[in-house]
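K.L.:
Here you go, sequence then predicted model.
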Amino acid sequence: GESVGLHLPTLSVQEGDNSIINCAYSNSASDYFIWYKQESGKGPQFIIDIRSNMDKRQGQRVTVLLNKTVKHLSLQIAATQPGDSAVYFCAETLTGTASKLTFGTGTRLQVTL
Amino acid sequence: DSGVTQTPKHLITATGQRVTLRCSPRSGDLSVYWYQQSLDQGLQFLIQYYNGEERAKGNILERFSAQQFPDLHSELNLSSLELGDSALYFCASSVPPGELFFGEGSRLTVL
């Protein structure tokens, strides 16, 4: 498969544990945030999004937390599974301007058995 | 499967050459976006087309150009290739203001 971001920070977690991936965003005016998952050899895949009028949003096994004060996003994955192994990117933009989606550098999640 | 199709998946060429990458968006999506992903730059937005017209430009070099055709497929043309152009090139599509759906990318290697 493709190697994405060989120089990415890496988070190793054991199968079944919870994972927390952090992201600092840059533009205080951004009001829409997305987490993407990129598996080896594939394109980024939408996981969950959150708007700036919320500080928490939950999906299936995933939770995104937004702290606008310190411009920080986190993605929490519950009961991490081997299939969660991938590179995770946060992205920020202004609502309605998907072309200005700015991606973070990504974090590689490795799930160990 | 995102529904976005990119060809070719892999391409190896020499410096100075020109290549064309092709993207077919999801059925019904009017917007097409091109991104470059290299090891040290992450995902960089290049250009967006909406229903055949250029809508937004990012960090796209003058040696690169793109277009979107009446059937909504898009092509990214890369010319006078340099070693540093080696990267993954992704196409994404959306129906604004929705999320982006990415293709599986075209891996360009310039030797």
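P.N.:
Great, that's in hand.

K.L.:
contacts and neighbour counts: CA atoms only from here.
P.N.:
Fine.

K.L.:
low-confidence ranges in chain A?
P.N.:
A:1-7, A:96-99 (pLDDT under 70).

K.L.:
where do the strands sit along it?
P.N.:
Along chain A, counting by DSSP state E, strands occupy A:10-14, A:19-24, A:32-38, A:45-51, A:56-58, A:62-67, A:72-77, A:86-93, A:102-103, A:107-112.

K.L.:
same thing with chain B?
P.N.:
Under DSSP E, chain B gives strands at B:5-7, B:10-13, B:19-24, B:31-38, B:42-50, B:53-57, B:64-68, B:74-78, B:87-94, B:101-102, B:106-110.

K.L.:
Distance to chain A and mean neighbour count for those - can I get that in a markdown table?
P.N.:
Output for the strands of chain B, formatted as a markdown table (distance: least, Cα to the nearest Cα, whole Å; neighbours: other Cα atoms under 10 Å in any protein chain shown):
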| stretch | distance to chain A | mean neighbour count |
| --- | --- | --- |
| strand B:5-7 | 10 | 20 |
| strand B:10-13 | 10 | 13 |
| strand B:19-24 | 13 | 21 |
| strand B:31-38 | 7 | 25 |
| strand B:42-50 | 5 | 23 |
| strand B:53-57 | 7 | 15 |
| strand B:64-68 | 15 | 19 |
| strand B:74-78 | 16 | 20 |
| strand B:87-94 | 7 | 26 |
| strand B:101-102 | 5 | 26 |
| strand B:106-110 | 8 | 21 |
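
K.L.:
Now mean pLDDT too, for those strands, in a markdown table please.
P.N.:
Listed next are the strands of chain B as a markdown table, based on pLDDT from 0 to 100:
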| stretch | mean pLDDT |
| --- | --- |
| strand B:5-7 | 97 |
| strand B:10-13 | 97 |
| strand B:19-24 | 98 |
| strand B:31-38 | 93 |
| strand B:42-50 | 90 |
| strand B:53-57 | 92 |
| strand B:64-68 | 97 |
| strand B:74-78 | 98 |
| strand B:87-94 | 94 |
| strand B:101-102 | 92 |
| strand B:106-110 | 97 |
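
K.L.:
wait, which of those strands is closest to residue A:83?
P.N.:
Residue A:83 lies closest to strand B:101-102 among the strands of chain B, at 19.1 Å (Cα to Cα).

K.L.:
what are the pairing partners of the closest one, and which direction each?
P.N.:
According to DSSP bridges, strand B:101-102 has the following sheet partners: strand B:87-94 (antiparallel).

K.L.:
and the angle from the strand it pairs with to strand B:74-78?
P.N.:
Angle, strand B:87-94 to strand B:74-78, by axes from the mean of the first three to the mean of the last three Cα atoms, to 10 degrees: 160 degrees.

K.L.:
Tabulate the strands of chain A (a markdown table), appending mean neighbour count and distance to residue B:101.
P.N.:
Listed next are those as a markdown table, based on neighbours: other Cα atoms under 10 Å in any protein chain shown; distance: least, Cα to Cα, whole Å:
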| stretch | mean neighbour count | distance to residue B:101 |
| --- | --- | --- |
| strand A:10-14 | 15 | 25 |
| strand A:19-24 | 18 | 21 |
| strand A:32-38 | 22 | 10 |
| strand A:45-51 | 20 | 7 |
| strand A:56-58 | 15 | 21 |
| strand A:62-67 | 19 | 19 |
| strand A:72-77 | 20 | 20 |
| strand A:86-93 | 24 | 14 |
| strand A:102-103 | 22 | 14 |
| strand A:107-112 | 20 | 20 |
